[in-house]
Structures are given as C-alpha cells and as structure tokens.
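Novice: I'll drop the sequence and a predicted model, then ask my questions.
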Amino acid sequence: MNNKLILIIEDEEDILELLEYTLQKEGYETIGFLTIDKNVRKVLEEEEIDLILMDRNLPGIEGSAFINEIKKLGFTNPVIYVTAKDNDEDILEGFNSHADDYITKPFNLKELCARVKAVIKRTSKEIDILKVKDIVYKSSNKKFYIEDKEIELTHLEHDLLLEFIKNKDILMTREHLLNKVWQDSFEKKEKTVNVAIKRLKAKIDPDGKKEYIRSIRGEGYIFC
C-alpha cells in the first residue's frame, strides 16, 4: 500500500468514480468531491493530503481560482489539474496557478497513474514540517502541535509563532515582528507585541517551565 491520500475534486460523477477506483487499485487512499464546499476545506484542514487532483470546470468556482485561494492561505499540497481545458493558454494558466502537472481530458489511465506517482514522489520530500524542541508545525494544514496535541492559536498567534520558529536563536526586535507579523495592521504598536507574546507563551508553555521565548530587555525576543 502507498498510504498516500489523494483529494479528488471532479464534477462528473462517472469520472470521479473512475479516478477513485483506479487510484485505489494502485494502493492510494482517496477522498472525492463533486464540488467545492465547506467539507473540502475541512478535509484540507484536518487530513494530511498528499496530492490534489483538481478539475477546473466546476460549478460555482473555477478550479484554479480555488487553488490560488488555498495557496494564499498557506496550504502547500501539490496539485494536478485534470481538465478539458486543453488549449495552450489554458495549460499555461494552469501552471501559473500552482500546477505540479496538467492532464487534459480525455486521459489515459496508465499515464495518469504514472504522473500521480511522479508528482507524489517528487513533492513528498518537499512537505514542510518544522520541528523545534517539542513544537511541530505542519504547513500542509497550518497547525502547530506539542506531543501530537494541536495548539489552539488565533491567526495572529499562528503567524507570530511561525516567525519565531523560522528564526530560531535569532534576536528579533519588536519593530521586526511588527513589520513581519502585523504588517499594515492598525494595531502596529510595540505594546501590542508584548501582549501577543504573553498570550502565546501562555498557550505553548502554560506552566512556564520550558521558556521557549526569552525576552532580552531593551532589544527584543529570542525563540530558543
């Protein structure tokens, strides 16, 4: 068994069933949807998706527009478009919309399986998991864990902790954090950083014993 999970979004039921049947025979696990709704987003957030097979002609939304949307949210899952949009401009647009590969309909099932295997093999090494001490970050679902338990964070706390982890052992000033995390927010004040870090510390180290984040008086903070 491949133990790889493929999310398939295809609005033609017979094609969706064919894709699921074929890929399951190859040893993959699949989750299929006929359209994009809240359940698709829930699956992306909760499951470790190794590949998305995405039709582009979907009811209510163009498939590549949805991929652009989730990429902006930080999802890094590889994508293969499987679509009837087959002219040169369509294909170029697909690759400009985060395609790892592009398969036009009608397709050859053996070729499709070969391309799926190649993309998963190429991208599985690129799945971004960051680990510092006992904190683990999975970019595929944008969540942090301690000892396999999810840390419940606000969007701001998520961005703040990610900035710390990416800059482990580096002194970061309040100004740097404001520019990187708060960016153009109206709350861009130094005392806001202090409050946010205090709240973050309470969530990742409620007992105050691990000291992930050290305050350097008059200079800033270090995550170590």
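Specialist: Looks like it came in fine. Residues are numbered from 1 along each chain as shown.
Novice: Only C-alpha atoms from now on, for both contacts and neighbour counts.
Specialist: Noted.
Novice: What is the burial count for residue 116?
Specialist: By the measure other CA atoms under 10 Å, the count of residues near residue 116 is 21.
Novice: separation between residue 203 and residue 167?
Specialist: 19 Å (CA to CA, to the nearest Å).
Novice: can you check residue 19 too?
Specialist: Taken as CA to CA, the span from residue 19 to residue 167 is 42 Å.
Novice: And for residue 157?
Specialist: Relative to residue 167, and taking CA to CA, residue 157 is found at 15 Å.
Novice: The two - which one has more neighbours?
Specialist: Neighbours of residue 157 and residue 167, each counted by other CA under 10 Å, are more numerous for residue 157; the result is 18 against 14.
Novice: Would you enumerate the residues in contact with the more buried one?
Specialist: If a contact means CA atoms under 8 Å, 6 or more residues apart in numbering, then residue 157 has 196, 200 as its contacts.
Novice: now swap in the one 10 residues further on and tell me
Specialist: Shown here is residue 167, whose contacts under the criterion CA under 8 Å, 6+ apart are residue 223.
Novice: So for the residue nearest in space to the middle of the chain, what's the pLDDT?
Specialist: A centroid search over the chain (CA atoms, centre = their mean) returns residue 75, at 2.0 Å, as the residue closest to the centre. Residue 75 carries a pLDDT value of 84.
Novice: Mind checking what secondary structure it has?
Specialist: Secondary structure state of residue 75, per DSSP: H, G, I helix; E, B strand; the rest coil, is coil.
Novice: Might one say that it is in contact with residue 143?
Specialist: No. Residue 75 sits out of contact with residue 143 when judged by CA atoms under 8 Å, with a separation of 10.6 Å.
Novice: which stretches of this structure form helices?
Specialist: 13-25, 38-46, 63-72, 88-95, 109-124, 155-166, 174-177, 190-204 (DSSP state H).
Novice: Would you map out the domains in the protein?
Specialist: Listed domain ranges for the chain are 5-124, 129-223 (source: automatic domain parsing).
Novice: hmm, back to that, relative to residue 218, which of the helices of the chain is closest?
Specialist: When these are compared by CA to CA, helix 174-177 sits nearest residue 218, at 9.6 Å.
Novice: Tell me the confidence at the nearest residue to residue 220 once chain neighbours are set aside?
Specialist: Spatial nearest neighbour of residue 220, excluding adjacent residues (CA to CA, 6 or more residues apart in numbering): residue 173 at 4.1 Å. In this model, residue 173 is scored at 89, pLDDT.
Novice: Residue 173 - how many residues pack around it?
Specialist: Residue 173, neighbours per other CA under 10 Å, totals 17.
Novice: Now for it: which residues touch it?
Specialist: Residue 173 touches 219-221, counting by CA under 8 Å, 6+ apart.
Novice: cool, residue 86 as well?
Specialist: 104-105.
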